[in-house]
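prediction below, plus the sequence it came from.
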Amino acid sequence: MTGTGDNNHDQRPGGKAVTGPGCKAVWRRVLECRARVGGAPPRRRGKEQMRHETPPARLQDLRSGVVLALGSGGMRGVAHLGVMAELAAAGVPFKAVAASSSGALLGAMFLLLGDPGAENQVREFIARGMGAKLPDIGEIEGKTGLAGAFARLKRGLGLLRIVFTRNAMTHEAFSRLVDFLVPDRRIEEMPVPFRIVTTDHATGEEVWLDSGPLRLAVAASLAMPGVVTPYHWAGRRLQDGGTVAEIPVRAARALGDPVLAVETSEGLPAGDPDRDRLPKAMFRAAAMGWQALRRRMLAEADLVVSPKVNHLYWADYTAVDTAVAAGRAAARELLASYGLTP
């Protein structure tokens, strides 16, 4: 199933689509006519106002279940395990799950291994040094002394590997890491409907995977450009789902409602406009765009849980305790607002 872009028409009451640049003016005139004959047009409300009003009936009892939208975030995504554990302990069923990138990995692990099975498997992955096999080409500012020197050396080696080998890891090596973490299942055999979000490398389309080999689908959704080449799937080349759907709210909405989005994204990096060099300045500008897009995605969810992990580095394999605890705390805060406790 392939996600599509926004509709290029505006659907209005009566079942007809109004198209073209003048559709807003036409609709405004319709509302004005209704007002003149005694039917005042509905008052438009901003999204922020709607989000703070009394929750609709479908949100009054979370024990009726939620559809999860699990976002990307590297090791920050381990917070998903804490969120899911608290929701499950409070008796909140998962009607379905849509997930991108690390959300797909951690979501699949929790559904199949449970609590604390999934968390224990992540710890074993790190204890065996398997995370060190992933290239670290990220931010090193703030690291000084020996740690800074080691970080710069490691990043330099990672960049050299990409420059001379085109991609830092082979499919075989990357898939071995995924296979260690994710049990061998088919997507359609998951305990609840499970949708893995990926990106079509050729077209940039959002692609939804609802059936097929789970491990392969998770690997494709995790396939970060430059780290591993896109995976082959039904004639397509699929890569990191977080590229176009960092928090897959739209994919979750198509599975049901209410949609509870879990956001584990990176915060906007600090910057100094008078001192930043070109690469950092360009990256920070791009991060502003990602942040704006992320807000739009989250605005479409019914509920949002944002564990305090935005400060964590995506490849910080020492942050498991911090990430899980942050996920639990954020979920408990949500549950308390509905009068629920684990």
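Done, it's in. These numbers were taken from a predicted model, which means no experiment stands behind them.

which stretches of the chain have low pLDDT?
For the chain, the stretches flagged by pLDDT under 70 are 1-60, 133-168, 266-272, 276, 278-294, 314.

and the longest helix belonging to it, what's buried?
Ranked by residue count, the top helix of the chain under DSSP state H comes out as helix 102-127. Neighbour counts over helix 102-127 (16 or more other Cβ atoms under 10 Å) mark 102-113, 115, 118-119, 121-123, 125 as buried. Backbone N, C-alpha and C define where each C-beta goes, glycine included.

likewise for stretch 309-319?
309, 312-317, 319.

over to stretch 325-332?
325-328, 330-332.

swap in stretch 62-79?
Per 16+ other Cβ under 10 Å, stretch 62-79 contains these buried residues: 62, 65-79.

identify the residues contacting whichever strand or helix holds L68?
For L68, the element it lies in under DSSP states H and E is strand 66-70. Here strand 66-70 makes contact (Cβ atoms under 8 Å, 6 or more residues apart in numbering) with 77, 80, 84, 87, 92-100, 103-104, 106-107, 247-249, 251-253, 255-262, 301, 303.

looking at the buried residues of stretch 325-332, which is nearest R176?
The closest of the buried residues of stretch 325-332 to R176 turns out to be G327 (Cβ to Cβ; 26.8 Å).

quick check: closest non-adjacent residue to the closest one.
The shortest distance from G327 to any non-neighbouring residue, by Cβ to Cβ, 6 or more residues apart in numbering, is to G82 (2.6 Å).

same deal with D115?
Closest to D115 by Cβ to Cβ, 6+ apart is A85, at 4.1 Å.

doesn't F110 make contact with the one you found?
Yes - assessed by Cβ atoms under 8 Å, A85 is found in contact with F110 at 7.4 Å.

distance of the closest residue to L340 other than its chain neighbours from L238?
Excluding its sequence neighbours, the residue lying closest to L340 (Cβ to Cβ, 6+ apart) is A90, at 4.8 Å. Per Cβ to Cβ, to the nearest Å, A90 is found 35 Å from L238.

neighbour count for those two, which is higher?
Per other Cβ atoms under 10 Å, whichever of A90 and L238 has more neighbours is L238, with 26 against 18.

helix, strand, or coil at the more buried one?
strand (DSSP: H, G, I helix; E, B strand; the rest coil).

beta-bridge partners for it, please?
D200, Y231 (DSSP bridges).

for it, which residues are in contact?
So L238 contacts 198-201, 207, 209, 220-221, 223, 230-232 (Cβ under 8 Å, 6+ apart).

buried members of these into PyMOL, please.
Per 16+ other Cβ under 10 Å, the buried members of those correspond to this PyMOL selection:
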select buried, resi 198+199+200+201+207+209+220+221+223+230+231
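
and the strands in the protein?
With strands called from DSSP state E, the chain shows them at 10-11, 17-18, 66-70, 94-100, 194-200, 206-209, 231-233, 236-239, 259-262, 303-305.

columns distance to L177 on top of those strands, output as TSV?
Output for the strands of the chain, formatted as TSV (distance: least, Cβ to Cβ, whole Å):
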stretch	distance to L177
strand 10-11	45
strand 17-18	47
strand 66-70	19
strand 94-100	18
strand 194-200	17
strand 206-209	19
strand 231-233	14
strand 236-239	16
strand 259-262	23
strand 303-305	27
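
closest to L216 out of those?
So among these, strand 231-233 is nearest, using Cβ to Cβ, at 6.5 Å.

what is that closest one packed up against?
helix 214-222, strand 236-239 (3 or more Cβ pairs under 8 Å, 6 or more residues apart in numbering; DSSP states H and E).

out of the contacts of strand 66-70, which end up buried?
77, 80, 84, 87, 92, 94-100, 103-104, 106-107, 247-249, 251-253, 255, 257-262, 301, 303.

dump the helices and strands packed on strand 231-233 to TSV, plus distance to E188.
Shown next, in TSV, are those (distance: least, Cβ to Cβ, whole Å):
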stretch	distance to E188
helix 214-222	9
strand 236-239	18
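
and the contacts of L238, which is closest to R185?
Once Cβ to Cβ is applied, the member of those that ends up nearest R185 is L209, at 13.1 Å.

go ahead and confirm that closest one touches I196.
Yes - with contact defined as Cβ under 8 Å, L209 counts as touching I196 (4.4 Å).

and for F194, the neighbour number?
27.

just grab the bridge partners of it for me.
Under the criterion used here (DSSP bridges), F194 is bridged to V97.

what residues are up against it?
Counting by Cβ under 8 Å, 6+ apart, F194 has contacts 96-97, 99, 107-108, 111, 187, 210, 214.

cool, and D240?
72, 100-101, 198-199, 221-225.

now the two most distant members of those.
Once Cβ to Cβ is applied, those give S100 and P225 as the farthest pair, at 14.2 Å.

can you verify my assumption that the residue nearest to G327 contacts A323?
Yes - proximity of G82 to A323 meets the contact threshold set by Cβ under 8 Å, at 7.2 Å.

what sits in contact with each of the two?
Counting by Cβ under 8 Å, 6+ apart, the shared contacts of G82 and A323 are P307.

for A326, see how far away D200 is.
Taking Cβ to Cβ, one finds D200 at 33 Å from A326.

could you do E119 as well?
For E119, the distance to A326 - Cβ to Cβ - is 13 Å.

that concludes my questions; thank you for your assistance.
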